[in-house]
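Participant: sequence-free structure coming up:
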């Protein structure tokens, strides 16, 4: 079974966006301010404050760490003590917070899989797409994309609305093995396409089968295929185009629709 991802990104809503940076530790900034003042030749906080016309109590709070100082104060102190304001703010100690995923972990949901639904194109328009946060990929050079499950052809495994994290099989050079969940593309002679998700099985005779795991009798017939071939272009062919490496069952579809409808981007 693929991993069930629990991280989900409502990228259209600022409310859900995590802060990018963790604040520096509380003792670093006052310690550096004190160090800068001493190196500048001022024996006490009061001496420095009097020399530059600062309020003595306020400066003491900043140097003692009882009150934080902001960017403007850091610039003022940096000019006085001839240091870099970024150093006073401890920006060299900034870390990326775990709540904010790197771009390598963000996957765009570009379309859907639905048995029996034939389309001219299997990709959604850009306005309908959205992003999910996923686990790191074991194959960073392989194309990665998301698909939404529509319908019941695999509802014993993936309920309708499930989001699938997929890796292109053509970028991997790896053949499917028994039990893998794969994305299957079927082409008709008229150019229409169907995109579905199936379980891959190879029998004792070496024949490859795509198995639906469905509660619906109309979707339960297996499909026999040959090895995935990216160069095959005959009419009416079936090919495996991607592995499913993870899935997520969202519970915020209403919010996503609201975001797209109201333009929260």
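Facilitator: Perfect, thanks for sending it. Everything numeric in this text was worked out from a predicted model, so none of it was measured.

Participant: beta partners for the residue lying closest to residue 181 once chain neighbours are set aside?
Facilitator: Spatial nearest neighbour of residue 181, excluding adjacent residues (Cβ to Cβ, 6 or more residues apart in numbering): residue 244 at 3.9 Å. C-beta here means a position set from N, CA and C on the backbone, and glycine is covered the same way. Counting by DSSP bridges, residue 244 is bridged to residue 166.

Participant: isn't residue 244 right up against residue 183?
Facilitator: Yes: the pair residue 244 / residue 183 is scored as a contact, 6.6 Å apart, by Cβ atoms under 8 Å.

Participant: how far away is residue 39 from residue 81?
Facilitator: 7 Å (Cβ to Cβ, to the nearest Å).

Participant: then residue 111?
Facilitator: For residue 111, the distance to residue 81 - Cβ to Cβ - is 58 Å.

Participant: got any residues that touch both of residue 244 and residue 183?
Facilitator: Common contacts of residue 244 and residue 183 (Cβ atoms under 8 Å, 6 or more residues apart in numbering): 164, 166, 197.

Participant: TSV for those residues, including distance to residue 117 and neighbour count?
Facilitator: TSV is the format used below for those (distance: Cβ to Cβ, whole Å; neighbours: other Cβ atoms under 10 Å):
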residue	distance to residue 117	neighbour count
164	16	27
166	18	27
197	13	26
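
Participant: all helices of the stretch 51-200 of the chain, in order?
Facilitator: 56-64, 71-81, 85-88 (DSSP state H, counting those that start in this stretch).

Participant: just put those in CSV and tack on distance to residue 216, mean neighbour count and mean pLDDT.
Facilitator: Putting those into CSV (distance: least, Cβ to Cβ, whole Å; neighbours: other Cβ atoms under 10 Å; pLDDT from 0 to 100) gives the following:
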stretch, distance to residue 216, mean neighbour count, mean pLDDT
helix 56-64, 68, 17, 92
helix 71-81, 60, 16, 90
helix 85-88, 61, 18, 84
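
Participant: make TSV out of those and add distance to residue 192.
Facilitator: Below are these laid out as TSV (distance: least, Cβ to Cβ, whole Å):
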stretch	distance to residue 192
helix 56-64	69
helix 71-81	58
helix 85-88	58
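
Participant: between those helices, which gets nearest to residue 140?
Facilitator: Each of those has some distance to residue 140 by Cβ to Cβ; the shortest is helix 85-88, at 31.5 Å.

Participant: what sits opposite residue 199 in the beta ladder?
Facilitator: Bridge pairing for residue 199 - DSSP bridges - gives residue 181, residue 211.

Participant: and residue 159, how many neighbours?
Facilitator: 12 (other Cβ atoms under 10 Å).

Participant: what's the spacing between it and residue 152?
Facilitator: 9 Å.

Participant: pick the one among the shared contacts of residue 244 and residue 183 closest to residue 116.
Facilitator: The shortest approach to residue 116 among these belongs to residue 197, at 13.2 Å (Cβ to Cβ).

Participant: ok, now which ones touch the nearest residue to residue 122 once chain neighbours are set aside?
Facilitator: Spatial nearest neighbour of residue 122, excluding adjacent residues (Cβ to Cβ, 6+ apart): residue 195 at 4.5 Å. Contact analysis of residue 195 by Cβ under 8 Å, 6+ apart lists 111-114, 119, 122, 147, 183-185.
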